[in-house]
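Q: Predicted model and sequence below, questions to follow.
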Amino acid sequence: MRWWFLEDNEIKRRMQTVTLATVTLACLTILVVGVVVPHGTAARATAEGGKALAPAYVSSATCAECHAKAYSTWRNSDHSWALREPTPENVLGDFDDTVFEHRSVRSRFFTRNGKFFVETDGPGGKLAEFEIRYTVGVSPLQQYLVELENGQLQALDIAWDTEQNRWFHLYPDQKLASADGLHWSGPYKNWQARCATCHQTNFAKAYSPKQRSYQSTWSELTVGCEACHGPGNAHVVWAKDPEKFRAQGPQGVDAKGLTVTFAQESPETEIQACAPCHSRRSAFGANSAPPGAKSADHYRIALLRSGLYHADGQIDDEVYVYASFLQSKMNAKGVRCSNCHEPHSGKLRAEGNAVCTQCHNPSGNAAFPTLRMSSYDDPSHHHHKAGSESAQCVNCHMPAKTYMQVDPRRDHSFRVPRPDLSVRLRTPNACTGCHDDRTADWAASKVKTWFPDGQSGSPHFGEVLHLGRTSPSRETGEKLLTLAGDSSIPAIVRATALGLLHRSVVPGLTERIAPLLKDRNDLVRSASLRLHRTATPEHRIKVALSLVSDPVRSVRMEAAQLLIGMPLGTLSERDRREAGRAITSYQRSLFSRADFPETQMQIAGLAMVLKDFRVAQEALQTAINMDPQFVDAWLTLARIQSALHQPKKAQKTLEQAANNLPENGLVLRQLGSRYAQNRQHDRAVRALKKSRALSGDTPLVLEMLAVSSLALGQSEQAIAYAVELAKRYPTHRAGPAIENLLRRSN
């Protein structure tokens with residue numbers, strides 16, 4: 001399990017109240033304090049009392065009756081081990097009264113009456129015993145879930161290394177207090193919120209924000225047959241009695257009673273079956289996506305942004321494989337996951353280079369007629385000793401990076417090594433990844449010698465994305481715009497270029513990207529919509545309405561966000577209806593993730609747009625209650641209170657923030673500013689001095705220090721701050737008090 005489902009904290013600017021505001025604001029209260037809504041149980045049930053046969057789940061054991069070989073292969077797969085009961089056969093860790101110590105916390109793993117337990121630091125920071133409720137994973141590590149109150153399942157940060165047979169901590173450099181949201185008992189390690197939709201079959205979260213409790217359900221504990229093939233009851237009827245199957249009028253299934261058809265001529269169906277869980281993304285809903293559904297109808301995929309990917313698209317943080325694969329020529333040519341992986345076991349189709357030489361060989365592969373026929377598994381191509389690790393295709397074209405301390409994951413963009421890009425962009429490359437005693441220049445020279453007509457030195461999209469990240473300018477914007485409009489480039493790269501455009505000034509940008517609003521790829525359409533957030537209300541409404549009924553949900557969600565806060569009263573009844581439907585869908589999406597602190601932040605942003613500052617404050621307080629280390633929530637709450645002329649409340653909020661985040665320079669800076677405004681100058685000086693030590697200076701910090709020092713009668717110190725301000729920030733326009741101090745310094 002990974003804890004990266006953290007959405008961008010985006011506080012939307014204030015705008016005019018919408019005509020739909022009454023409905024919207026009513027929904028916002030539900031989003032914050034919550035009520036439980038049906039989560040689709042009826043939709044998944046088999047129809048009764050009629051002939052219609054609706055899809056329903058039957059379990060992998062039922063599938064095994066006819067598909068024994070596939071079931072047997074799956075039974076030992078990672079999918080089968082995704083979540084299991086803690087039986088002696090399933091628990092791989094050492095629970096023989098074993099002790100593991102990490103940063104002064106002593107955790108003990110033991111058994112009692114046939115059950116498995118851990119004694120460790122729980123909520124409140126005190127040692128407590130927790131029963132192991134489920135095991136997660138099999139190789140190279142296994143994690144364990146415990147249950148807190150209200151049905152809340154949490155994943156321990158201590159895991160079992162199944163390769164070296166040892167306990168280890170997933171985050172060895174972190175020392176987290178129990179109140180920290182990143183502590184194992186916090187919201188970011190919550191199973192139902194972050195993990196279950198991919199580790200269980202047909203999972204329904206059923207979270208109550210009001211009670212902060214879960215009544216989750218699922219059709220199968222782990223990732224079973226129906227997680228990919230869809231509910232199988234109609235297929236069972238077809239297999240046993242085809243005539244009865246036809247007579248019952250099956251709904252939403254193919255001729256064999258299946259909801260997902262993996263046709264040989266349609267690789268995209270298979271890729272979409274894998275994409276939802278094998279990707280870095282944020283969800284639109286609370287439950288598992290229906291098998292076979294388009295990923296973009298249920299998730300917003302993360303683009304190639306800094307921190308997740310290097311500028312040239314190589315993996316940086318753990319992003320799984322889907323977005324990497326979208327960059328590849330293999331994806332463009334129709335390669336599917338099962339060309340390399342056996343779908344039931346998940347294992348590779350062959351050993352070593354034989355996986356790649358299925359296609360990359362002198363005879364080629366009839367399924368991919370455009371592939372150049374050549375000898376690849378040969379020193380003439382890889383320039384290393386035949387059969388060595390260095391001669392393995394994956395080590396050059398799919399370099400791995402290790403996550404969770406012991407889990408190496410390979411980059412699925414299948415890229416050609418480009419050490420020449422490393423020279424210019426400081427990106428990693430496969431060559432110096434092995435030859436770590438050599439430089440990128442050395443590697444670039446070698447590659448150029450080996451492949452004089454190769455890609456070395458040729459233009460690469462990474463150069464433009466690097467400029468977008470590091471050097472925003474009009475010239476950079478023009479290059480990003482050109483990249484975004486190049487249909488020969490992978491769509492995820494084009495969408496990423498659009499995402500960087502807001503940092504550069506491009507004249508007439510919204511008019512120039514108008515054609516991209518009709519692009520055939522939903523990632524490009526969505527990214528184009530996001531660039532209209534600063535457009536005039538009239539233009540925002542026009543653009544949003546043009547895509548508010550887009551066939552892909554991720555695009556519709558972007559259109560909905562453009563409409564929130566806009567004056568819609570003059571629209572036609574049809575347009576208002578479409579706008580209302582889109583906004584409601586967006587609200588429901590927020591509600592489905594009400595157990596995320598970052599979602600409460602989004603709710604606060606939405607409330608601020610609609611000028612409902614009571615709801616905004618409630619949402620921010622909810623976020624803080626979930627995660628007391630959520631800096632943005634504390635600061636935004638204090639800003640709202642200050643704007644509402646509640647200086648005492650704002651000060652109290654910032655004091656509480658500083659108590660929870662004593663080493664955060666930004667919090668201390670805001671607190672010092674609040675003290676200065678409230679004329680508590682001694683406190684202001686202490687807070688601002690500590691802020692400087694933690695996060696450096698700003699002109700305002702120096703100005704406030706000078707003014708507060710003067711108010712305390714510390715004239716020499718005040719003059720020193722004023723002089724430092726003038727020297728370091730000569731263009732800063734300071735107030736008259738600073739001017740007077742500077743005159744006194746002369």
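A: That came in fine, so what should we check first?
Q: Can you get me a residue count around the closest residue to residue 389 other than its chain neighbours?
A: Of all residues not flanking residue 389 in the chain, residue 395 sits nearest, at 6.4 Å (Cβ to Cβ, 6 or more residues apart in numbering). (Glycine included, C-beta is placed from N, CA and C.) Per other Cβ atoms under 10 Å, the neighbour tally for residue 395 reads 19.
Q: so residue 395 is in which element?
A: Counting by DSSP states H and E, the element that carries residue 395 is helix 393-397.
Q: Output the contacting helices and strands for that helix.
A: If contacts are counted by 3 or more Cβ pairs under 8 Å, 6 or more residues apart in numbering; DSSP states H and E, helix 393-397 sits against helix 430-434.
Q: hmm, back to that, return the set of buried residues in the helix holding residue 395.
A: With burial defined by 16 or more other Cβ atoms under 10 Å, the residues of helix 393-397 counted as buried are 393-397.
Q: And for stretch 284-298?
A: Buried residues in stretch 284-298, defined by neighbour count with 16+ other Cβ under 10 Å: 284-298.
Q: Of the residues you listed, which belong to strands?
A: Among the buried residues of stretch 284-298, no member falls in strands (DSSP state E).
Q: farthest-separated two in those residues?
A: Taking Cβ to Cβ as the measure, these span a maximum distance of 19.2 Å, between 286 and 292.
Q: who's in contact with the closest residue to residue 329 other than its chain neighbours?
A: In space, and not counting its chain neighbours, residue 329 is closest to residue 414: 7.1 Å by Cβ to Cβ, 6+ apart. By Cβ atoms under 8 Å, 6 or more residues apart in numbering, the contact set of residue 414 is 328-330, 397-398.
Q: before we move on, back to that, who touches the helix holding residue 395?
A: Under the criterion Cβ under 8 Å, 6+ apart, residues 353, 355-356, 360, 376-377, 382, 389, 400, 410, 414-417, 430-431, 434 lie in contact with helix 393-397.
Q: can you check stretch 104-124 too?
A: For stretch 104-124, contacts defined as Cβ under 8 Å, 6+ apart pick out 86, 91, 93-101, 127-132, 144, 146, 148, 156, 158, 167, 178, 184-185.
Q: hmm, try it at 6 Å
A: With contacts defined as Cβ atoms under 6 Å, 6 or more residues apart in numbering, stretch 104-124 is touched by 86, 91, 95, 97-100, 127-132, 158, 178, 185.
Q: Among those, find the lowest-pLDDT one for me.
A: Least confident entry in the contacts of stretch 104-124, by pLDDT: residue 178, with 91.
Q: give me the number of residues near the nearest residue in space to residue 665 that is not next to it in sequence?
A: Nearest residue to residue 665, sequence neighbours excluded (Cβ to Cβ, 6+ apart): residue 695, at 2.7 Å. Residues within reach of residue 695, counting by other Cβ under 10 Å, total 16.
Q: per-residue confidence averaged over the longest helix seen in the chain?
A: Longest helix in the chain, counting residues (DSSP state H): helix 573-592. Taken as a whole, helix 573-592 has a mean pLDDT of 94.
Q: likewise stretch 235-254?
A: Rounded mean pLDDT across stretch 235-254 is 91.
Q: Please apply the same query to stretch 76-84.
A: 98.
Q: can you list the residues that contact that stretch?
A: With Cβ under 6 Å, 6+ apart, stretch 76-84 has contacts from 74, 90, 134-138, 199-200, 221-223, 345-346.
Q: now, the most widely separated pair of the residues you listed?
A: Longest span within those, Cβ to Cβ: 134 and 345, 22.4 Å.
Q: Narrow the contacts of helix 393-397 to those in helices?
A: 382, 430-431, 434.
Q: mind listing the strands for the stretch 151-300 of the chain?
A: Counting by DSSP state E, counting those that start in this stretch, the stretch 151-300 of the chain has strands at residues 153-155, 158-161, 166-169, 207-208, 213-214, 281-283, 299-301.
Q: Now do the last one: distance to the chain's middle.
A: How far strand 299-301 lies from its chain's middle: 8 Å, per Cα atoms, centre = their mean, to the nearest Å.
Q: which helices and strands sit right next to it?
A: The helices and strands touching strand 299-301, judged by 3 or more Cβ pairs under 6 Å, 6 or more residues apart in numbering; DSSP states H and E, are strand 281-283.
Q: which neighbours does the strand it packs on have in its sheet, and in what orientation?
A: strand 299-301 (antiparallel) (DSSP bridges).
Q: Show the low-confidence segments of the stretch 151-300 of the chain, by residue range.
A: Residue ranges of the stretch 151-300 of the chain with pLDDT under 70: none are present.
Q: do you know how far residue 261 is from residue 743?
A: In this view, residue 261 and residue 743 are 82 Å apart by Cβ to Cβ, to the nearest Å.
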